[in-house]
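this one's structure only:
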């Protein structure tokens, strides 16, 4: 258990949801050789108001220096620590179709403290195939695996109809953090966290902006042809 | 062009980002046969404050009826219309590895007004393969396709190193709404919308909560063994 005082602070869910985006932007700035950043610059890069950014970071106990701003590397480390990314997170993926294969090979996972330790699928055609060095095994072997080498997070990448049964198996094995990619709502007992990734969310937000653009273009045309 | 007055309203980005979640929850309630819902119930299902929900929906011109709440189907339709999901959105996916295949078959896309019209990959091994009834073609054919049968949204599902070149090709063809799944930051000219899906974001938020749980369990153990 860490004794880091930052871990004892209450951090609102909305702030937690923005931290990965701040971290991503800071990592990019660090790659570009940027050493310090003002709250206005960082807020503009992320697309939030600077007052919001300062408030979010104050929950971590991070306050920029007036006239200097935030030290990029220090702030990135503070956010990583608050998110728990300085610890090691063993992840198992269940459902090794195209999505499971894509997730297992996704470079964004490995670079952020997440380590794929188990891949599960009951399809005999996939038995013993290896992806990123990990052998695909039938789901019934997950319980034994978890007892020997605990899994922190279970990822569900099955089609929707299989998702609840897989979720029950993960919960039954004692895994209490679940990331669900299946387009299905899952029931879990209290104490189990499920987060759902809906791949269509961002597409819907894009559609909103595309519609606005096309409307504005239409307005412009109307204005041009108006007498 | 639609003359719907809701389309003329300014809707803040933060509200737009929450609309897909409201819509998803309403669709689930409708499936369960729920006809009307109070703002408190809907807010609790989604996990936002009810004041926030009411404010978000007021941007659409939707106000619940006191003591009755919102009509589930009407509100779902209003949100769909505001997001532009009642229109038809032809989508092309570039990069037909595991992720591209997974996205093309993802049932969450087809059900929400999005229609896969083009699949592109330069790998000769994939040439002429069909996924969801669409033939995979080399990227150079996208320009001709777009001229004959316009593509509204381009989805990038390539590995990171190829993403910028693919993005340039999409922008060059005249596509101005891009969804990027590659873990790479893309440069685009003004007027082009890029949204990035980082599959690790939700994993990071889960890690945060898992860390808190494990810390709380540690606190409990300390309390139990304390003299």
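Here it is on my side, so go on. All values derive from a computational prediction rather than experimental measurement. Residues are numbered from 1 along each chain as shown, chains lettered A, B, ... in the order given.

Just give the number of residues close to residue A:32.
Per other CB atoms under 10 Å in any protein chain shown, the neighbour tally for residue A:32 reads 9. C-betas here are computed from N, CA, C, even on glycine.

Over to residue A:65?
Using other CB under 10 Å as the criterion, the residues surrounding residue A:65 number 10.

pretty sure residue A:42 contacts residue A:24?
No - Residue A:42 lies out of contact with residue A:24 (CB atoms under 8 Å); the separation is 11.5 Å.

Would you mind listing the residues touching both of those two?
Residues touching both residue A:42 and residue A:24 do not exist when contact is defined as CB atoms under 8 Å, 6 or more residues apart in numbering or on different chains.

all strands of chain A, in order?
Under the criterion DSSP state E, chain A contains strands at A:36-37, A:70-71, A:89-94, A:114-120, A:130-131, A:134-137, A:153-156, A:177-180, A:193-196.

Output those in CSV, with mean pLDDT and distance to residue B:13 appended to each entry.
As requested, those are arranged in CSV below (pLDDT from 0 to 100; distance: least, CB to CB, whole Å):
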stretch, mean pLDDT, distance to residue B:13
strand A:36-37, 94, 22
strand A:70-71, 92, 24
strand A:89-94, 95, 31
strand A:114-120, 93, 29
strand A:130-131, 94, 37
strand A:134-137, 96, 39
strand A:153-156, 96, 29
strand A:177-180, 95, 25
strand A:193-196, 91, 22
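
quick one, domains of chain A?
As assigned by automatic domain parsing, chain A contains the domains A:5-83, A:89-196.

Skipping its backbone neighbours, what lies nearest residue A:200 in space?
In space, not counting the residues next to it along the chain, residue A:200 is nearest to residue B:108; the distance is 4.3 Å by CB to CB, 6 or more residues apart in numbering or on different chains.

what's around the residue nearest to residue A:187 when sequence neighbours are not counted, how many residues?
Taking CB to CB, 6+ apart as the measure, residue A:187 lies nearest to residue A:164, with 7.0 Å between them; neighbours along the chain are not counted. Per other CB under 10 Å, the neighbour tally for residue A:164 reads 18.

quick one: contacts for the closest residue to residue A:11 other than its chain neighbours?
The spatially closest residue to residue A:11, leaving aside those adjacent along the chain, is residue A:59, at 4.7 Å (CB to CB, 6+ apart). Contact analysis of residue A:59 by CB under 8 Å, 6+ apart lists A:9, A:10, A:11, A:12, A:15.

re earlier: next one: the residue nearest to residue A:200 from residue B:48, what distance?
Noted for residue B:108: a distance of 21 Å to residue B:48, by CB to CB, to the nearest Å.

swap in residue A:96?
As it turns out, when the distance is counted by CB to CB, residue A:96 lies 35 Å from residue B:48.

higher neighbour count, those two?
Residue environment comparison for residue A:96 versus residue B:48 gives the larger neighbour count to residue A:96, 23 against 18, counting by other CB under 10 Å.

which residues touch the more buried one?
Taking CB under 8 Å, 6+ apart as the contact definition, residue A:96 lies against A:104, A:119, A:120, A:121, A:123, A:126, A:129, A:131, A:136, A:157.

Out of the contacts of residue A:59, which end up buried?
With burial judged by 16 or more other CB atoms under 10 Å in any protein chain shown, the buried subset of those is A:11, A:15.

if we can go back for a sec, from the strands of chain A, which stretch is densest packed?
Mean neighbours per residue, mean count of other CB atoms under 10 Å in any protein chain shown, is largest over the strands of chain A for strand A:153-156, with a mean of 28.

and it with chain B, contact?
Yes - contact of strand A:153-156 with chain B is found when judged by CB under 8 Å from any CB of the partner chain, involving A:153, A:155.

Would you mind listing the outside residues contacting that strand?
Contacts with strand A:153-156, where a contact means CB under 8 Å, 6+ apart, come from A:89-95, A:103, A:114, A:163, A:166-167, A:170, A:175, A:177-182, A:186, B:203, B:206-207, B:210.

shaky segments in chain A?
Scanning chain A with the threshold set as pLDDT under 70 gives A:1-9, A:110-111, A:218-227.

ok, now with 80
Residues of chain A that meet the criterion pLDDT under 80 lie in A:1-9, A:47, A:62-67, A:107-112, A:214-227.

just the helices in it please.
With DSSP state H as the definition, chain A shows helices at residue ranges A:13-31, A:39-46, A:50-58, A:72-83, A:98-105, A:107-110, A:142-148, A:160-173, A:201-225.
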